[in-house]
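Student: The following comprises the amino acid sequence and a computationally predicted model.
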Amino acid sequence: MTQSNQQQSSANKISLYLMFIVLIVLGLSIVTLFSAVYAYYILDEAIVAGFLIIIGAFALTLSGVVLYQTRRNAATLKNDAPKMMTIIECKNCGTKTTREFQRGDFVFKELDVCQKCSEQKQMITGVYKEIKETGKIYAI
Ligand SMILES: [Zn+2]
């Protein structure tokens, strides 16, 4: 449980760091493109403007590609991460519900009023990690 959480948070950290760099490059490329326009129209420096446009367009494309890749990676990471689930049972009417694990959940924790019988007897009876069926057969 802690291992997957750590992996997820480190992946988040990397993508945040990457996002920061990409945003800087994006900002710089926009500045470069603006200075290209400035160089062309106001300074009348066509060659300088051409170079600036090439650099700006390259940086813009690069940051766009990186942004696209990170978003796709983040999506696949999210899908592959096993879900933590929490089982909630009502001691009064016996209703069993399952929901996604929330921070602070633990077994025998008492919860809010039951939706079915409106008695305050709901309790967490289990926490487990959802394992996706991959069709693997484990030989013992
Ligand atoms: Zn109930």
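Tutor: Arrived safely. Residues are numbered from 1 along each chain as shown.
Student: can I assume residue 88 sits in a strand?
Tutor: Yes: counting by DSSP: H, G, I helix; E, B strand; the rest coil, residue 88 is found in a strand.
Student: how close does the nearest residue to it once chain neighbours are set aside sit to residue 44?
Tutor: With sequence-adjacent residues excluded and distances taken as CB to CB, 6 or more residues apart in numbering, residue 88 is closest to residue 97, at 4.9 Å. Yep, even glycine has a C-beta here, placed from its N, CA and C like the rest. Using CB to CB, to the nearest Å, residue 97 is found at 72 Å from residue 44.
Student: who has more neighbours, those two?
Tutor: Using other CB atoms under 10 Å, the more surrounded residue of residue 97 and residue 44 is residue 97, with 14 against 9.
Student: Each with direction, which strands does the helix or strand that that one is a member of pair with?
Tutor: According to DSSP states H and E, residue 97 maps onto strand 96-100. Here strand 96-100 has these sheet partners by DSSP bridges: strand 84-90 (antiparallel).
Student: Contacts made by the partner strand with the rest, please.
Tutor: With contact meaning CB atoms under 8 Å, 6 or more residues apart in numbering, strand 84-90 is reached by 1, 95-102, 105, 111, 114, 116-117, 119, 121-130.
Student: 6 Å - rerun?
Tutor: The contact list for strand 84-90 (CB atoms under 6 Å, 6 or more residues apart in numbering) reads 96-99, 101, 105, 114, 121-122, 124-130.
Student: ok, now stretch 16-36?
Tutor: The contact list for stretch 16-36 (CB under 6 Å, 6+ apart) reads 49, 52, 53, 55, 56, 59, 60, 63, 66, 67, 70.
Student: One more pass at 8 Å, please.
Tutor: Looking at stretch 16-36 with CB under 8 Å, 6+ apart, the contacting residues turn out to be 48-50, 52-53, 55-60, 62-63, 66-67, 70.
Student: okay, among those, which ones form the most distant pair?
Tutor: 48 and 70 (32.7 Å; CB to CB).
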